[in-house]
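# here is a sequence with its predicted model. Questions after.
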Amino acid sequence: MQIASTCHSVASQMLSRFDDVRVCIQSSIASCGLLSDSMSRDACCTLQDSKGTKRARVEKNSGAFRFWHDERRFKGGADRCLVQQALFEAGGVRTGGYPKAAPVPGPLGFQRHGDWDMLWSPARSALKAMPLLKAGQLISAVPGMYCLTKKRRLSTTLAAAYGDEAWQLVPQSYSLPAELQEWKQWLQQQEAHGVDPGPWMLKTAQHLGKGLVLLPGQQAYQAAVTPRLPSAKPFVLAQRYVSNPLLINDCKFGIRLWLLITGVDPCTAYLHTQGLVLFSTDSYDLGSLSDDEGAAGRGHITNYAQNVGGTVWNLVMLKQHLGADVYKRLWNKLVSSAAHVACAAMGEVRQEHAAGRVPPNSTFELLGLDYLVDEDMHPWLLEVNGTPSLAVDHGDAPVEQLIHDTKNAMVQDMVNILNCSRRFLARYGQVKAGSKLPAPQAAAVRATLTRNDEASIRRRVEFELKHRGGFLPLMGHYPVLKYAGGVSSSTGIQQQGSDAGNNAEQEPPDAGQQIVASSVSSSVADVNGSGQPGSGPAFSERDKRLFVYMQSWWSKQRKLLALRRKVAKQQAQQEATTGEAAPAEQMQQDTVVLDQTPVAA
């Protein structure tokens with residue numbers, strides 16, 4: 001009893017010292033809608049500050065869905081979290097996730113399964129919610145995606161799927177220490193032929209551009225086999241350095257794109273048409289690989305964390321610099337690369353879903369793709385980030401606004417394509433927020449949560465295509481024809497009365513409208529491999545049917561785009577001739593008819 005009394009006294013004193021913090025937290029809780037699990041769904045609560053003043057009245061059933069934001073696992077505070085803002089706008093109520101300023105850490109989302117419909121958390125913690133995941137819930141991680149997001153796994157995953165053609169997607173890489181012997185043999189072969197192996201980048205498992213060492217080939221190998229100090233992280237990857245990068249103003253740059261995975265079988269993947277161009281702080285100098293401390297020189301690193309306050313562009317600015325035609329060719333290559341990367345992971349992803357008995361449509365993941373462009377305008381994928389930074393922070397206000405606008409547009413599109421405002425209603429036996437159905441009808445609505453038949457898939461894909469915003473669907477760019485031996489059109493997914501093409505006008509003119517599923521270009525020079533073919537991505541029958549459907553969908557988009565351009569041109573010509581706006585009624589009618597025509601696979 002004495003010990004308990006002492007502990008209570010100490011706790012009271014500590015809380016009194018954090019009085020201002022507590023008030024701030026309670027205000028944050030009131031504004032975010034953080035409610036305890038003990039409150040019923042229809043209950044209300046009144047939150048008070050330290051002086052007993054009523055702050056806010058929060059109703060748990062005031063939104064369309066409940067989300068948990070593991071704020072402590074992300075950079076920055078919740079007040080600047082783009083995802084949280086987008087979820088609020090979609091009708092979400094935040095029911096958990098302790099603020100960073102809280103004096104106690106509090107539980108994470110995977111420890112409170114009954115408190116949320118959607119869990120927004122980094123993949124490492126989100127995946128811990130899998131064992132108890134219920135039908136209709138949604139987590140921000142896809143089991144099995146570590147085969148791409150772990151540095152040592154990316155190259156092996158791509159090589160397993162595409163053989164030596166993988167080295168046209170990523171620079172030649174060796175997983176350490178497992179492939180040390182293979183790397184040694186390759187270096188010896190180059191030396192025997194009198195070929196300079198060039199510089200190699202050694203990478204640790206650290207993030208934010210930390211732990212990178214850039215050395216000539218043999219020196220890099222010796223550094224990899226030499227035991228490191230206990231305080232130093234071990235190297236997990238040796239990657240051939242792209243020594244001929246495209247430079248802008250004598251500086252190296254990288255491109256950050258966002259890849260969204262919304263479904264597993266079939267694999268539905270989308271690449272956002274906006275992105276960021278991140279420049280190195282120092283000029284590029286191949287003669288100076290390392291700094292005074294032995295780390296890779298800053299002129300060789302484009303990671304934003306290592307170039308805080310540096311130059312940042314968006315893709316529109318890059319297009320203006322390169323020219324429309326050059327940028328279009330580069331963008332088409334980026335689309336093809338992203339499609340190949342998404343497909344390569346599907347075999348392991350589906351195995352993980354089956355092993356974990358994951359309910360259908362319960363996972364999604366946002367990935368950050370980091371590309372480097374060389375002098376030949378070939379994009380090289382360097383890394384896939386499982387928790388891409390969505391923070392907005394820059395010392396220059398206009399640049400910070402550019403970063404905000406780019407990331408926020410992508411986040412808004414992500415929330416829309418996931419249908420957050422309506423997808424969770426079935427969990428509560430509803431078809432409309434706040435409307436209660438009779439018990440039998442409510443049970444029938446809940447039963448739809450476990451459906452994963454062709455009709456359900458078709459409806460989901462149609463919705464995503466219609467509400468994709470700036471996300472470009474990659475399903476029509478999968479290398480199905482090369483690795484699946486062709487597809488019969490009779491297996492296509494049929495679409496009835498959909499207007500999935502309504503957003504065609506939002507597609508940028510160079511967004512890869514006419515790309516078809518093609519293999520990785522074999523024209524890339526300097527590929528050093530044994531010519532071993534890969535087994536190909538693990539395409540399912542649903543993948544093949546979706547591919548056929550998307551081919552028809554793209555054809556419809558091209559026709560729509562051509563008609564709309566014809567209408568605009570005719571209107572401009574008549575306005576220039578008569579001085580009055582021309583309605584071009586017949587053209588507009590043709591456009592509407594085509595827009596409402598079902599897509600037949």
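Sure thing, it's come through.
# so for Q589, what's the pLDDT?
pLDDT recorded at Q589 is 49.
# in the stretch 301-450 of the chain, which spans are helices?
Listed in chain order, the helices of the stretch 301-450 of the chain (DSSP state H, counting those that start in this stretch) span 315-322, 324-344, 346-356, 397-417, 439-447.
# please identify the most buried of these.
helix 324-344 (a mean of 21; mean count of other C-beta atoms under 10 Å). From N, CA and C alone the C-beta is placed, and that goes for glycine too.
# roughly how far is that helix from the heart of the chain?
Once both centres are worked out by C-alpha atoms, centre = their mean, to the nearest Å, helix 324-344 turns out to sit 16 Å from its chain's centre.
# before we move on, the earlier item: so which of the helices of the stretch 301-450 of the chain gets nearest R240?
Between R240 and the helices of the stretch 301-450 of the chain, the shortest gap by C-beta to C-beta is with helix 324-344, which sits at 17.0 Å.
# tilt between that closest one and helix 346-356?
Helix 324-344 and helix 346-356 are oriented at 40 degrees to each other (axes from the mean of the first three to the mean of the last three C-alpha atoms, to 10 degrees).
# does anything pack onto helix 324-344? Which helices or strands?
Helices and strands in packing contact with helix 324-344 are listed as helix 146-149, helix 151-162, strand 251-263, strand 268-272, helix 315-322, strand 365-373, strand 379-385; criterion 3 or more C-beta pairs under 8 Å, 6 or more residues apart in numbering; DSSP states H and E.
# tilt between it and helix 315-322?
Angle between the axes of helix 324-344 and helix 315-322 is 130 degrees (criterion: the same axes, to 10 degrees).
# could you list the low-pLDDT ranges of the stretch 451-600 of the chain?
Applying pLDDT under 70 to the predicted model, the residue ranges of the stretch 451-600 of the chain that meet it are 485-534, 579-600.
# between the helices and strands packed on helix 324-344, which one is closest to A355.
The stretch from the helices and strands packed on helix 324-344 with the least distance to A355 (C-beta to C-beta) is helix 146-149; that distance is 13.6 Å.
# residues in contact with that closest one?
Residues outside helix 146-149 that contact it (C-beta atoms under 8 Å, 6 or more residues apart in numbering) are 123, 153-154, 157, 341, 344-345, 348-349, 367, 384-386.
# any chance of the residues you listed in CSV, plus pLDDT and distance to L276?
Written out in CSV, the entries for the contacts of helix 146-149 read as follows (pLDDT from 0 to 100; distance: C-beta to C-beta, whole Å):
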residue, pLDDT, distance to L276
A123, 94, 21
R153, 94, 25
L154, 95, 21
T157, 95, 25
V341, 97, 18
A344, 95, 24
A345, 95, 23
E348, 94, 29
V349, 95, 27
L367, 98, 15
V384, 96, 16
N385, 93, 13
G386, 92, 18
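# and of these, the nearest to T268?
Using C-beta to C-beta, the contacts of helix 146-149 come closest to T268 at V349, 12.0 Å.
# how about the closest one, what does it touch?
For V349, the contacting residues are 142-145, 147, 264, 267, by C-beta under 8 Å, 6+ apart.
# got it, and T204?
Taking C-beta under 8 Å, 6+ apart as the definition of contact, the neighbours of T204 are 210-212, 233-236.
# ok, now with 10 Å
Neighbour list for T204: 151, 176, 210-213, 228, 232-237 [criterion: C-beta atoms under 10 Å, 6 or more residues apart in numbering].
# out of the residues you listed, which are buried?
For these, a neighbour count by 16 or more other C-beta atoms under 10 Å gives the buried set as 151, 176, 211-213, 235-237.
# count residues in the vicinity of the spatially closest residue to G470 that is not a sequence neighbour, would you?
Leaving aside its sequence neighbours, G470 sits nearest to T273 (C-beta to C-beta, 6 or more residues apart in numbering; 4.8 Å). Residues lying near T273 (other C-beta atoms under 10 Å) number 24.
# about what we covered before: is it possible to export the helices and strands packed on helix 324-344 to a markdown table including distance to Q185?
Rendered in a markdown table, the data for the helices and strands packed on helix 324-344 read as follows (distance: least, C-beta to C-beta, whole Å):
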| stretch | distance to Q185 |
| --- | --- |
| helix 146-149 | 25 |
| helix 151-162 | 16 |
| strand 251-263 | 30 |
| strand 268-272 | 35 |
| helix 315-322 | 39 |
| strand 365-373 | 26 |
| strand 379-385 | 23 |
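# so for N419, which of these sits nearest?
Between N419 and the helices and strands packed on helix 324-344, the shortest separation by C-beta to C-beta is 9.6 Å, and it involves strand 251-263.
# in that closest one, what's buried?
When neighbours are counted by 16+ other C-beta under 10 Å, the buried residues of strand 251-263 are found to be 251-263.
# that one pairs with which strands, parallel or anti?
According to DSSP bridges, strand 251-263 forms sheet pairs with strand 247-248 (antiparallel), strand 268-272 (antiparallel), strand 276-279 (antiparallel), strand 365-373 (antiparallel).
# now distance to A135 and mean neighbour count too, for the ones you listed, in a markdown table please.
Putting the strands paired with strand 251-263 into a markdown table (distance: least, C-beta to C-beta, whole Å; neighbours: other C-beta atoms under 10 Å) gives the following:
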| stretch | distance to A135 | mean neighbour count |
| --- | --- | --- |
| strand 247-248 | 50 | 16 |
| strand 268-272 | 19 | 25 |
| strand 276-279 | 37 | 21 |
| strand 365-373 | 19 | 22 |
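# now render those as CSV, adding distance to A538.
Shown next, in CSV, are the strands paired with strand 251-263 (distance: least, C-beta to C-beta, whole Å):
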stretch, distance to A538
strand 247-248, 39
strand 268-272, 14
strand 276-279, 32
strand 365-373, 18
